[in-house]
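Colleague: sequence below, structure please.
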Amino acid sequence: MSDPNRAEATASARDSLLPALYEGRAALRCGTQSLQGDELAGAVGAVAARVAGARRVAVEAGPELSTLVAVAGVLAAGAAAVPVNPDAGEEEKRHLLSDSKADLVIGQVDLAARGPLPAAPAADEDPALILYTSGSTGPPKGVVLSRRAVAANLDMLGDAWEWNPSDVLVHSLPFFHVHGLVFGGLGPLRIGSPLHYSPGGLRPQQGGSLYFAVPTMWTLSSDEHLRALKGARLLVSGAAALSAEAFARIEALSGHQVLNRYAMTETLVVTSPPLGARRSAEAVGPPLPGVQIDLREVQDSGFQEIHVRGPQLFSGYLDGPPAFDAGGWFATGDLGRFDDSGSLRLLGRRSTDLIKTSGFRVGAGEVEAALLAHPAVAEAAVTGLPDEVLGERVAAWVVLTEPGSTEVRALRRHLAGLLTDYKRPAEIRLVAALPRNGLGKVQKRLLSTQDGDVR
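Modeller: Numbers count the residues shown, from 1 in each chain. Just a heads-up that it's a prediction; the model follows:
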């Protein structure tokens, strides 16, 4: 039976961030749990009533239906959601809650609870999400995404990928990350395509037409699963580079060329190959309509840094310095060039202190600070090493206060209490000294040549 209060709630739905939710066209499934139409709207309405009056609400973003209902409820209440990785270290959680000044924290919500949806907030400049992303130094920074920016980018993707209510989206991406939450979670609530969430790993789903994953997931997919994707319409990859070998294997088994797009938490998706064009592992396509890219020379390097401008850009870093230049351009820190077809090709990071592993961005400075918090560590340097599965793996070089003063396994236990799992080094090398230049600065490009006890 339809909710009698929904007519008023949907009056402004077309101008809101999540119109499909308000119009009763949204459907979410996660494992054996599912909600759709009025049931979903009612569950979201119950959360909205629970958080009414809050400005910022932290949500424990586990891989479950409860997370999307909670985030949608926060947005429906007119507040900003702050997703928190439930597996993050306690120090990281404390930083997110303190830095975001969250009014309250909600974990799992009661999916059986029901309440009327409040009137739909407009897709305006008010914050929708505060997503924390690692920088080259210090703790993670809060990226403020407005309702307008999220709506604009999802509409861009709807047009570029012909993403529509007849699609069924399948993914298993984490909901504390922009790919899984914004594109894979809020996208279905805006566009109206059902979401079949697959916790624990990407698996083909009956009727699935649109699949989102990061390169690690695509690379580790079995031959059986890839063959089962022949009936899909579009396979999308992002957050890191997909190897040419993996691209060719996926095409051979599924019959699909993976679509590699370029995005950051701060910019959302800025490029995508056209649907009808030949795709490759190396190119991420031209800018989406409405997005501008300016390649600017990096002094004395021979490379160009990617600068972005457009309606999908974030509002800035929470309580941070200005993020844009006088012309409204954002410097991504990524290096790139356009090929002869007008497709952007990514050439790496301007800084060696940002590591992309399994689709996540890890700040070397944060990992180094965690290592240095151990009393037996005198010096630490962290960087990324090429990895066929992860894209890059986090690697650390550690100088102890005294030889034998601790073991690598003790350092790993120490890091487990401070860092999320994907930020922890895949390998730790105990070395006598770090390579430095004449000014005493660690030369990270030489770290991989350092001998040491590798664990």
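Colleague: pLDDT at residue 354, what is it?
Modeller: At residue 354, the model reports a pLDDT of 73.
Colleague: that one - how many residues pack around it?
Modeller: Look at residue 354: counted by other C-beta atoms under 10 Å, it has 22 neighbours. No exception for glycine: its C-beta is placed from N, CA and C like everyone else's.
Colleague: who does it form a beta bridge with?
Modeller: Bridge pairing for residue 354 (DSSP bridges) gives the partners residue 363.
Colleague: wait, it touches residue 332, no?
Modeller: No - counting by C-beta atoms under 8 Å, residue 354 stays clear of residue 332, with 10.5 Å between them.
Colleague: residue boundaries of the strands in the stretch 351-455 of the chain?
Modeller: Assigned by DSSP state E, counting those that start in this stretch, the stretch 351-455 of the chain shows strands spanning 354-357, 360-363, 377-387, 391-400, 427-430, 453-454.
Colleague: would you turn those strands into JSON lines with distance to residue 177?
Modeller: Listed next are these as JSON lines, based on distance: least, C-beta to C-beta, whole Å:
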{"stretch": "strand 354-357", "distance to residue 177": "12"}
{"stretch": "strand 360-363", "distance to residue 177": "7"}
{"stretch": "strand 377-387", "distance to residue 177": "18"}
{"stretch": "strand 391-400", "distance to residue 177": "14"}
{"stretch": "strand 427-430", "distance to residue 177": "24"}
{"stretch": "strand 453-454", "distance to residue 177": "29"}
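Colleague: among those strands, which comes closest to residue 409?
Modeller: With C-beta to C-beta, the closest approach to residue 409 among those belongs to strand 427-430: 9.6 Å.
Colleague: list the strands paired with that closest one, with their directions.
Modeller: In the sheet, strand 427-430 lines up against strand 391-400 (parallel), strand 453-454 (antiparallel) (DSSP bridges).
Colleague: what mean pLDDT does that strand have?
Modeller: Mean per-residue pLDDT for strand 427-430: 94.
Colleague: buried residues in that strand?
Modeller: 428, 429, 430 (16 or more other C-beta atoms under 10 Å).
Colleague: which among these gets closest to residue 295?
Modeller: Proximity of the buried residues of strand 427-430 to residue 295 (C-beta to C-beta) peaks at residue 429, which lies at 35.9 Å.
Colleague: what separation do you get for that closest one and residue 389?
Modeller: Distance, residue 429 to residue 389, by C-beta to C-beta, to the nearest Å: 20 Å.
Colleague: same check, this time on residue 113
Modeller: Residue 113 sits 41 Å away from residue 389, taking C-beta to C-beta as the criterion.
Colleague: the helices in this structure, which residues?
Modeller: 6-9, 19-22, 37-50, 65-76, 90-100, 147-160, 178, 187-191, 215-220, 223-227, 244-254, 364-372, 408-416 (DSSP state H).
Colleague: residue 346 is nearest to which of those helices?
Modeller: For residue 346, the closest of the helices of the chain is helix 215-220, at 12.6 Å, according to C-beta to C-beta.
Colleague: got the contact list for that closest one?
Modeller: 172, 201-202, 235, 237, 239-243, 246, 250, 258, 358-359, 388-391 (C-beta atoms under 8 Å, 6 or more residues apart in numbering).
Colleague: which of the residues you listed are buried? Put it as a PyMOL command.
Modeller: Restricted to buried positions by 16+ other C-beta under 10 Å, the PyMOL selection for these reads:
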select buried, resi 172+202+235+237+239+240+241+242+243+246+250+258+358+359+390+391
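Colleague: buried residues, stretch 84-102. List them.
Modeller: 84-86, 88-89, 92-93, 95-97, 99-100, 102.
Colleague: the strands of the stretch 351-455 of the chain: which one's closest to residue 290?
Modeller: Going by C-beta to C-beta, the one of the strands of the stretch 351-455 of the chain nearest residue 290 is strand 360-363, 24.4 Å.
Colleague: so what secondary structure elements neighbour that closest one?
Modeller: Applying 3 or more C-beta pairs under 8 Å, 6 or more residues apart in numbering; DSSP states H and E, we find strand 360-363 packed against strand 354-357.
Colleague: now for the strand it packs on, which elements pack on it?
Modeller: Packed on strand 354-357, when contacts are counted by 3+ C-beta pairs under 8 Å, 6+ apart, are strand 360-363, strand 377-387, strand 391-400.
Colleague: CSV for these, including mean pLDDT?
Modeller: Converted to CSV, those look like this (pLDDT from 0 to 100):
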stretch, mean pLDDT
strand 360-363, 82
strand 377-387, 90
strand 391-400, 93
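Colleague: nearest to residue 278, of those?
Modeller: Of all the helices and strands packed on strand 354-357, strand 391-400 comes closest under C-beta to C-beta, at 23.2 Å.
Colleague: quick one: which of the strands of the stretch 351-455 of the chain is nearest residue 226?
Modeller: Closest to residue 226 of the strands of the stretch 351-455 of the chain is strand 391-400 (C-beta to C-beta; 19.1 Å).
Colleague: flag the shaky bits of the stretch 51-200 of the chain, pLDDT-wise.
Modeller: Counting by pLDDT under 70, the stretch 51-200 of the chain has low-confidence residues at 135-137.
Colleague: try 80
Modeller: Scanning the stretch 51-200 of the chain with the threshold set as pLDDT under 80 gives 134-138.
Colleague: all strands for it, in order.
Modeller: Along the stretch 51-200 of the chain, the segments classed as strands by DSSP E, counting those that start in this stretch run 56-60, 80-84, 104-106, 127-133, 141-146, 169-171, 195-197.
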